[in-house]
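Asker: Take a look and give me a structure for this.
(one chain, ligands or ions: 1)
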Amino acid sequence: MSFPGLIMPLTGAICVGVTIHLIVFSRGEWERHVVTIMWSIFLCQALICAATLRFYGGLYLQSLLYTLTTMVGFSVGVFTSMSIYRIYFHRLRQFPGPLGARLSGFWSMGTALRGFQLYKKTQTLHRFYGDFVRIRKKFRPREISINHVDAIRDIHGIRSKCTKGPFYDLNYPSRSLQMTRDKSFHSKRKQVWEKGFTSSALSQYEPRILHHSLVMAHQLSKRTQQPEDITKWIQFFGFDVMGDLVFGKSFRMLEEGRPHFILGQMAAMGPVVGSLICVPWLFILFQNLPVISHMRNKWIGWCKSQVEDRKTFNSSRVDLFSFLLPPSIHSEGLEADDLIYDSELAIVAGSDTTSTTLAALLYLLTQEPEKQEILRQEVDRLCSSPQEVSNQILSKNAPYLDGCIKEALRLYPAVPSGVQRMTPPEGAVIAGRLIPGDTLVSTPTYAIHRDPRYFVQPDAFLPQRWSSQSHLLLKQEAFNPFLIGQHSCVGKQLAMMEMRILVAVLVLSFNFHFHDDGLSQRSHKTKCRGLDFQDYFTARVGPVEVLLENRAIG
Ligand code: HEM
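Answerer: Here you go, the predicted model:
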């Protein structure tokens with residue numbers, strides 16, 4: 001039998017592609033089913049191949065050509081229909097934004113891959129297009145970034161009807177306090193988490209945080225001959241503290257002066273996550289690839305073994321785990337793996353964010369020695385030695401220290417692009433404008449934090465704007481590093497305590513300088529070029545090499 005022309009299968013496949021786009025891809029949330037969808041497409045292609053082979057009597061090449069034609073036709077159908085729909089018919093078409101960003105997540109992925117500075121690109125787009133920009137940051141072009149202070153209240157505030165968007169399905173069906181869209185599970189679990197951050201719980205963590213700060217100062221005091229990468233030590237600190245508070249044992253990175261495997265794991269995963277979250281279906285597909293799933297399983301397996309270890313020892317010391325571990329798993333509707341993912345969340349959310357802010361702050365203080373000196377004088381007045389550093393004293397009497405921390409959080413927010421929420425089906429008025437239902441919305445934290453409508457000299461490090469010179473602060477509500485509302489950061493007070501204690505110990509122990517005489521190229525570069533601040537959903541700071549000078553105190 002002769003092999004038919006390819007026009008008919010091509011046209012048929014294009015029609016199927018258009019139909020599938022219109023009934024599946026243009027509505028609902030299909031991303032979490034992407035693996036099934038891919039398998040179905042694969043299966044259809046295999047069936048077409050087998051059927052043509054059988055029907056046309058074993059003409060392998062032709063049969064392959066036929067199958068490829070249908071595949072190309074299908075893809076052309078889906079992507080053409082998608083592009084036309086997104087440009088001309090999408091219900092968000094009245095919102096401006098760059099063409100690429102309206103078309104596809106690959107635009108954001110390309111932008112992310114060029115230095116992981118999507119937060120800066122978003123800021124530039126807002127300057128060009130205005131407060132509302134249609135941009136695909138984490139999910140499809142139905143996302144609008146809103147660069148307005150009122151949007152923070154309207155999207156995240158306690159009265160908001162916006163819910164978590166499909167970004168929070170990325171680990172589905174695994175769930176943690178943060179990565180769940182189940183409201184009732186979240187609110188029950190949040191109550192449990194909050195018990196781990198009361199002032200009485202925090203006061204029990206404080207001596208351990210001070211201990212880790214002193215170990216870090218001790219290690220640094222032996223490294224004053226040449227510039228030292230302070231970011232590395234701060235990461236050790238952040239992870240050691242969280243290991244101690246979550247699993248009851250430190251990772252001992254500070255003591256041993258070298259990274260634990262978890263840090264290498266996180267460093268490797270950062271760019272992968274940072275680029276793939278822009279195209280979530282690809283993220284979910286990647287997670288299922290053997291190499292990636294092996295890395296992830298290794299890490300989760302490690303968390304699991306730590307959770308098991310922690311369950312078996314009855315610590316007399318209170319730690320976060322004592323609160324998270326229920327008397328009986330079933331009593332709180334937990335599933336067996338929930339604790340593992342919650343402990344992973346605590347380690348990652350608690351260490352990365354705090355380390356980023358601390359590294360940014362030390363960079364800013366080294367950049368501006370006169371502000372470093374004002375801070376040192378304030379801390380000197382309150383604490384006679386690093387061993388005497390106390391959160392209680394600092395939190396009540398050190399406004400300049402708190403101002404420094406807030407400025408670091410403002411200039412370099414640890415979640416710089418903001419987080420994704422979804423409007424209710426009936427839509428919502430956000431910053432004075434009606435946004436259609438089921439639209440993904442976010443507030444770009446970095447851009448809002450550097451908006452001159454809300455902060456005078458927004459790019460300058462001015463700790464006094466939070467105390468003696470409040471006229472430099474035009475809209476306090478625009479400052480939103482921990483978020484507000486029911487999904488706000490549960491670890492805020494712990495983070496503030498850690499940052500106060502470590503910074504106080506360090507400024508009491510050392511003077512920080514950038515090295516200018518060519519001894520350290522990197523130190524000089526950091527000084528001239530600014531901070532290497534990369535956005536992988538949570539941000540990371542590159543090496544900050546500073547020269548430490550021991551101070552004679554006590
Ligand atoms: C400078 C430090 C920190 C910053 C800037 C920060 C920021 C944030 C932000 C913006 C969120 C919202 C994420 C989202 O909705 O997807 C969040 C959530 C969260 N943070 Fe933090 N965080 C910090 C430190 C900590 C610490 C020390 C912990 C301790 C374990 C922690 C635990 C959490 C948890 C468990 C959530 C999820 C809360 C929920 O979904 O209800 N964070 N954080």
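
Asker: number of nearby residues for residue 168?
Answerer: Residue 168 has 23 neighbours, counted by other Cβ atoms under 10 Å. Heads up, the C-betas are built off the backbone N, CA and C, glycines and all.

Asker: wait, is it part of a helix?
Answerer: Yes: read with DSSP: H, G, I helix; E, B strand; the rest coil, residue 168 is one of the residues of a helix.

Asker: Do you have the helices of the stretch 301-450 of the chain handy? List them.
Answerer: Per DSSP state H, counting those that start in this stretch, the stretch 301-450 of the chain carries helices over the ranges 320-324, 338-367, 369-382, 391-397, 399-411, 445-449.

Asker: Which one of the ones you listed lies nearest to the ligand?
Answerer: helix 338-367 (3.2 Å; Cβ to the nearest ligand atom).

Asker: What lies in contact with stretch 294-305?
Answerer: With Cβ atoms under 8 Å, 6 or more residues apart in numbering as the contact definition, stretch 294-305 has outside contacts at 261-262, 265, 268-269, 287, 340-341, 343-344, 347.

Asker: where does that stretch sit relative to the chain's centre, distance-wise?
Answerer: Centroid separation for stretch 294-305 versus its chain: 20 Å, with Cα atoms, centre = their mean, to the nearest Å.

Asker: quick one: buried residues of it?
Answerer: For stretch 294-305, the buried set under the neighbour-count rule, 16 or more other Cβ atoms under 10 Å, comprises 295-296, 299-300, 302-304.

Asker: Now these in CSV, please, with extra columns for distance to the ligand.
Answerer: Converted to CSV, those look like this (distance: Cβ to the nearest ligand atom, whole Å):
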residue, distance to the ligand
295, 22
296, 19
299, 17
300, 17
302, 18
303, 14
304, 18
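
Asker: Let's see which of these end up in strands.
Answerer: If you go by DSSP state E, those have nothing in strands.

Asker: just to revisit the earlier point, go through the contacts of stretch 294-305 and say which is closest to residue 128.
Answerer: residue 269 (32.6 Å; Cβ to Cβ).

Asker: Just the buried ones from the contacts of stretch 294-305, in PyMOL syntax?
Answerer: Buried residues within those, by 16+ other Cβ under 10 Å, are selected in PyMOL with:
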select buried, resi 262+265+269+287+340+341+343+344+347
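
Asker: what does this structure put close to the ligand?
Answerer: Applying Cβ under 6 Å from any ligand atom, one finds that the chain approaches the ligand through 177-178, 190, 193, 345-346, 349-350, 353-354, 357, 414-415, 419, 481-483, 487, 489-491, 494-495.

Asker: how much space between residue 22 and residue 70?
Answerer: Taking Cβ to Cβ, to the nearest Å as the measure, residue 22 falls 19 Å from residue 70.

Asker: Looking at the two, which one has more neighbours?
Answerer: Set side by side, residue 22 and residue 70 show more neighbours around residue 70, with 23 against 14, by other Cβ under 10 Å.

Asker: contacting residues around that one?
Answerer: 9-10, 12-13, 45, 48.

Asker: Swap in 7 Å and give it another go.
Answerer: Listed by Cβ atoms under 7 Å, 6 or more residues apart in numbering, the contact partners of residue 70 are 9, 13, 48.

Asker: What distance do you get for the last one to residue 12?
Answerer: Read that as residue 48. Residue 48 is 11 Å from residue 12, by Cβ to Cβ.

Asker: More neighbours: the two, which one.
Answerer: Between residue 48 and residue 12, counted using other Cβ under 10 Å, residue 48 has the larger neighbour count: 18 against 15.

Asker: what's the more buried one sitting at in phi/psi?
Answerer: Main-chain dihedrals, residue 48, degrees, to the nearest 10: phi -60, psi -40.

Asker: was I right about it contacting residue 68?
Answerer: No: with contacts counted by Cβ atoms under 7 Å, residue 48 stays clear of residue 68, the gap being 10.0 Å.

Asker: mind checking how far the nearest residue to residue 459 once chain neighbours are set aside is from the ligand?
Answerer: Spatially, and ignoring its direct neighbours in sequence, residue 459 is nearest to residue 450 (5.9 Å; Cβ to Cβ, 6 or more residues apart in numbering). Counting by Cβ to the nearest ligand atom, to the nearest Å, the separation of residue 450 from the ligand is 16 Å.
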